[in-house]
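[1] build the 3D model from these lines:
(chains A and B)
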Amino acid sequence: MSDLSENLHSDYMTLNMGPSHPATHGTVKFLLTLDGETVIDMVVDIGYLHRGFEKMCESVTWTNVFPYTDRLNYCSAIMNNIGYAEAVEKLLGIETTERCKYIRVVVNELSRISDHYTNIAAAALELGALTAFIYFVETREIVWDLLEMVCGARLTSNYIRVGGLMCDIPDNFNEELEARYPKLDSLYDDVDKLLTKNRIFLDRMRDTGVLSTESMLSYGFTGPCLRASGIDYDVRKAHPYLVYDKLDWDVPIGTVGDNFDRYLVRMEEIKQSFKMIKQAMKDMPDGPINVDNPYMRQPSKQDVYSRMEEMIAHFKITIEGLKPPVGEVYMPTEAANGELGFYLVSDGGGKPYKCRVRPPCFSMTAAMEEICKGSMLADIIPTFDMINMIGGESDR
Amino acid sequence: MDLFSFTDEFLIDLGLTLLKIGFILAVTVGFFAPVLTWVERKQSAIMQDRIGANRADIMGFTALGLFHIIADALKMFAKEDFIPQGANRLLHTLSPIIALVPALLTFAVVPFGGKYELWGHQVNLVISDLDVGLLFVFAIASLATYGYVVAGWSSNNNWSLLGSMRTASQMISYEVTMGLTIIGVLMVYGTMQLDEIGAAQENFWRWGIFLQPVGFLMFLTASIAENKRIPFDNPEAESELVAGYFTEYSGLKFGMFFMAEFIEMVTIGAIVTILFFGGWHIPFIETQDIIDTFNFSWLGPSIANLITMGIQVGVFFAKVCFFIFIQMTIRWTLPRFRYDQIMKLGWKILLPLSLVNIVVTGIVIMLLK
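    As a prediction, this is how the structure comes out:
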């Protein structure tokens, strides 16, 4: 036997997985060292979607940063809008109106739902279950229809403004929402039946992608991936913002922290988000959506054309930008994928001195190497799907 | 006997055989392989709330998307025939042929109807009535493995190599199960001739699915694994291995692998129909009944036989279509296994189960004697 293994040609195989690979879709490269199908070593190479987001932000006014934030996590653009708006408002020290907060919760949760739909759909697709993928893409389309009703855009929504919103939600929005719940629920149940109790799906997801809790914390895991391993940390509960403390909802927690738990946590979060949306739509008060300060929130066009003060404010915001006091601020929000933090520094000018993003998937992508070492080549797929690396957000 | 003096009987036999070969080629290559590409698109579309292929049109007519078949063929012909640098040119070109030919050859022994008396001639609707038909099927099917393995190896691409390694292990493992499952059928019907197995299932309750229910499920599973379709599509697993063994193939060479897969679906449907699903028989209706029904005095027995033949060939292909439908439904419902899970299923579950099946079948046959 020893003779045989000596004479066998048994070098490791080096393989470039990506950037042009169906599972890495152009945004990342894994440099693999394989022994047969077992991953001996793995180097994660990111940066294929680097656009210089943070530098771009420094060259435009505080309000003009919003379109750039849309492109961070393009599966849930509004969540990035909200994260940035909350950070700037914290820097300015202003409080948005009650109605604005409720609307923000509704669109935030709708985005979270669409993000989870996309994530689970993509995971199913890459495990070969194309039908589950299409079902969840259909639900996502429905959610995007709703977001389109709110702000006119589907993918890069750009709806939130500093101190308020682009516009109010349509009057019949609640009816439109309720009309779509049955279809959303039935498609959700279909996918649930196709995947959750599917033995093949279970085999692929169970006990793959496991990482010890200590490692997770040291890498900086947040969001569904962290909660799947049993750690109860959700920014919405730990550091409540908007009106999350007024709503009744639960944080789903996993036990093992494998890919299947991550999947289950996401599926449950979709349900919890719908619960929050229903409550928020019910409790939503009437009133203004923007703060009553023309130097913070761009005044309405009617006022700009008819009143002196508003016209000056409009000019100043557009040309110079709003001017937060000198200082720095870090504002964490719970995005679909984990903690999305904006660290802003102001030098008192109309443009950000520094705009640093803490993307949730960046630190988790770094852990891919440790998770995947020793597992099989095929296990990279579900693990990478559940980590949910979004190029736009990770590379910025 | 003088070799060059052809008797009438010989000429008629030759003509009939050529006719049968022509029929099989027309049905598989001419009809099933192209139409199944359309069926797969449309069925998956229906299952997924989509519209499916409907864009290719000729002068504004789309014919439910059927013109996509022509578009596909044209595209494959027109594409560059790409051979990667460092590839073994001979083997790279040869392997799609090795993969496609066995899928077609299998049909040589698959009967698509019974025996009919037409104008004094005995017509047996099988191209070659081999004594060892069943063994021939396996011998030929195993050859296809070489096509896939060599394709991956000769491409000079690591993804292809991984794909062909997976193919080799998967196809060999499942061939064992398939072979053992068949032994159950052999024991029940006592013959290896496929047309006799088919003829033995005239009685509805003598169908293979009732006599060998476990064998039927195992055979269907193993044959889907042999055909490398989801949930067993590890050799090509597009999200893992890009496209597996055919990563470096383009144009018509890729088309041949593609066609081999679809023809193999038909082959699987045909063999499952013959072995387990009553072949060309309609449940509760015996062949003689059909002949008697059409045996009007003004028609003559030969015409009645001819009509019966048509009906039974139709029934056979209807059953084949049903099994193709089942294979497609499975493909569009399930995710894919992991490589080691496929091996585990093959060696640890299906193989022992097929051995148990043989033992149980043997005991039951002994007890019934």
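
[2] count residues in the vicinity of B:P352, would you?
    Around B:P352 there are 12 other residues, counting by other CB atoms under 10 Å in any protein chain shown. Glycine gets a C-beta too; all of them are placed from N, C-alpha and C.

[3] before we move on, which element is it in?
    B:P352 is part of helix B:351-368, with elements assigned from DSSP states H and E.

[4] shaky segments in the stretch 1-150 of chain A?
    Within the stretch 1-150 of chain A, the segments meeting pLDDT under 70 span A:1-9.

[5] mind listing the helices for it?
    A:2-7, A:53-57, A:66-70, A:77-92, A:98-126, A:130-151 (DSSP state H, counting those that start in this stretch).

[6] what angle do the fourth one and helix A:130-151 make?
    Taking axes from the mean of the first three to the mean of the last three CA atoms, to 10 degrees, one finds helix A:77-92 and helix A:130-151 inclined to each other by 50 degrees.

[7] CA atoms of helix A:77-92 as PDB?
    Provided in PDB are the C-alpha atoms of helix A:77-92 (Å, rounded to 0.1, in the frame of the first residue of the first chain):
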ATOM      1  CA  ALA A  77     -31.000  50.000  -1.300                       C
ATOM      2  CA  ILE A  78     -33.400  51.700   1.100                       C
ATOM      3  CA  MET A  79     -31.700  50.200   4.100                       C
ATOM      4  CA  ASN A  80     -28.400  51.900   3.100                       C
ATOM      5  CA  ASN A  81     -30.300  55.200   2.600                       C
ATOM      6  CA  ILE A  82     -31.800  54.900   6.100                       C
ATOM      7  CA  GLY A  83     -28.400  54.000   7.600                       C
ATOM      8  CA  TYR A  84     -26.800  57.100   6.100                       C
ATOM      9  CA  ALA A  85     -29.700  59.400   6.800                       C
ATOM     10  CA  GLU A  86     -29.800  58.300  10.500                       C
ATOM     11  CA  ALA A  87     -26.100  58.900  10.800                       C
ATOM     12  CA  VAL A  88     -26.300  62.400   9.300                       C
ATOM     13  CA  GLU A  89     -29.300  63.200  11.500                       C
ATOM     14  CA  LYS A  90     -27.400  62.100  14.500                       C
ATOM     15  CA  LEU A  91     -24.500  64.400  13.500                       C
ATOM     16  CA  LEU A  92     -27.000  67.200  13.000                       C
END
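
[8] tell me what it is packed against?
    When contacts are defined as 3 or more CB pairs under 8 Å, 6 or more residues apart in numbering or on different chains; DSSP states H and E, helix A:77-92 packs onto helix A:66-70, helix A:98-126, strand A:160-161, strand A:327-335, strand A:338-346.

[9] how far does that helix sit from the chain's center?
    14 Å (CA atoms, centre = their mean, to the nearest Å).

[10] need the pLDDT of the residue nearest the centre of chain B.
    Compute the mean C-alpha point of chain B, and by CA atoms, centre = their mean the closest residue is B:T267, 1.0 Å away. Looking at B:T267, its pLDDT is 85.

[11] quick one: name the residues of the stretch 51-200 of chain B near chain A.
    Residues of the stretch 51-200 of chain B that fall close to chain A, judged by CB under 8 Å from any CB of the partner chain: B:N158, B:W159, B:L162, B:M165.

[12] from B:S154, how far out is the third one?
    Pointing back at B:L162 there. B:L162 sits 14 Å away from B:S154 when distances are taken as CB to CB, to the nearest Å.

[13] quick one: B:W280 is in a strand?
    No: secondary structure of B:W280 (DSSP: H, G, I helix; E, B strand; the rest coil): coil, not part of a strand.

[14] A:E309: how many residues sit nearby?
    Count around A:E309 with other CB under 10 Å applied: 12.

[15] got the contact list for it?
    When contacts are counted by CB atoms under 8 Å, 6 or more residues apart in numbering or on different chains, A:E309 touches A:P294.

[16] check A:D292 too.
    With CB under 8 Å, 6+ apart, A:D292 has no contacts at all.

[17] report the separation between it and A:G321.
    20 Å.

[18] swap in A:Q302?
    For A:Q302, the distance to A:G321 (CB to CB) stands at 23 Å.

[19] quick one, which of these two is more surrounded?
    Just comparing A:Q302 and A:G321: by other CB under 10 Å the higher neighbour count belongs to A:G321, 18 against 9.

[20] I figured the more buried one was touching A:V65, is that so?
    No: between A:G321 and A:V65 there is no contact under CB atoms under 8 Å: 9.8 Å.

[21] re earlier: redo the helices of the stretch 1-150 of chain A as TSV? Include distance to A:K354.
    Formatted as TSV, the helices of the stretch 1-150 of chain A follow (distance: least, CB to CB, whole Å):
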stretch	distance to A:K354
helix A:2-7	57
helix A:53-57	7
helix A:66-70	14
helix A:77-92	12
helix A:98-126	25
helix A:130-151	28
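
[22] how about these in CSV, adding mean neighbour count and distance to A:G163?
    Converted to CSV, the helices of the stretch 1-150 of chain A look like this (neighbours: other CB atoms under 10 Å in any protein chain shown; distance: least, CB to CB, whole Å):
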stretch, mean neighbour count, distance to A:G163
helix A:2-7, 7, 70
helix A:53-57, 17, 18
helix A:66-70, 21, 12
helix A:77-92, 26, 6
helix A:98-126, 25, 8
helix A:130-151, 20, 17
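
[23] which among those helices is found nearest to A:E176?
    helix A:130-151 (6.2 Å; CB to CB).

[24] now that closest one against helix A:98-126, angle please.
    Going by the same axes, to 10 degrees, helix A:130-151 makes 160 degrees with helix A:98-126.

[25] run the contact check for helix A:130-151 versus chain B.
    Yes: contact of helix A:130-151 with chain B (CB under 8 Å from any CB) involves A:L130, A:T131, A:A132, A:I134, A:Y135, A:E138.

[26] check contacts around the fourth one.
    By CB under 8 Å, 6+ apart, the contact set of A:I134 is A:A121, B:Q48, B:D49, B:R50.

[27] not counting sequence-adjacent ones, nearest residue to B:I183?
    B:I358 (5.4 Å; CB to CB, 6 or more residues apart in numbering or on different chains).

[28] up against chain B, what does chain A have?
    So far as CB under 8 Å from any CB goes, chain A lies against chain B at A:13, A:15, A:21-23, A:36-37, A:124-132, A:134-135, A:138, A:194-195, A:198, A:200-201, A:203-204, A:376-381.

[29] could you list the buried residues of stretch A:232-252?
    Neighbour-count burial for stretch A:232-252 flags A:Y233, A:D234, A:V235, A:R236, A:Y241, A:L242, A:V243, A:Y244, A:L247, A:W249, A:V251, A:P252 (criterion: 16 or more other CB atoms under 10 Å in any protein chain shown).

[30] hmm, who's touching stretch B:67-78?
    Contacts of stretch B:67-78 (CB under 8 Å, 6+ apart): B:34-35, B:37-38, B:41, B:53, B:55-58, B:61, B:251-252, B:254-255.

[31] of these, closest to B:L211?
    B:V35 (32.6 Å).

[32] neighbours of the closest one, just the number please.
    13.

[33] next SSE after the helix or strand harbouring B:S173?
    B:S173 belongs to helix B:158-189 when assigned by DSSP H and E. Downstream of helix B:158-189, the first helix or strand assigned by DSSP H and E is helix B:194-199.
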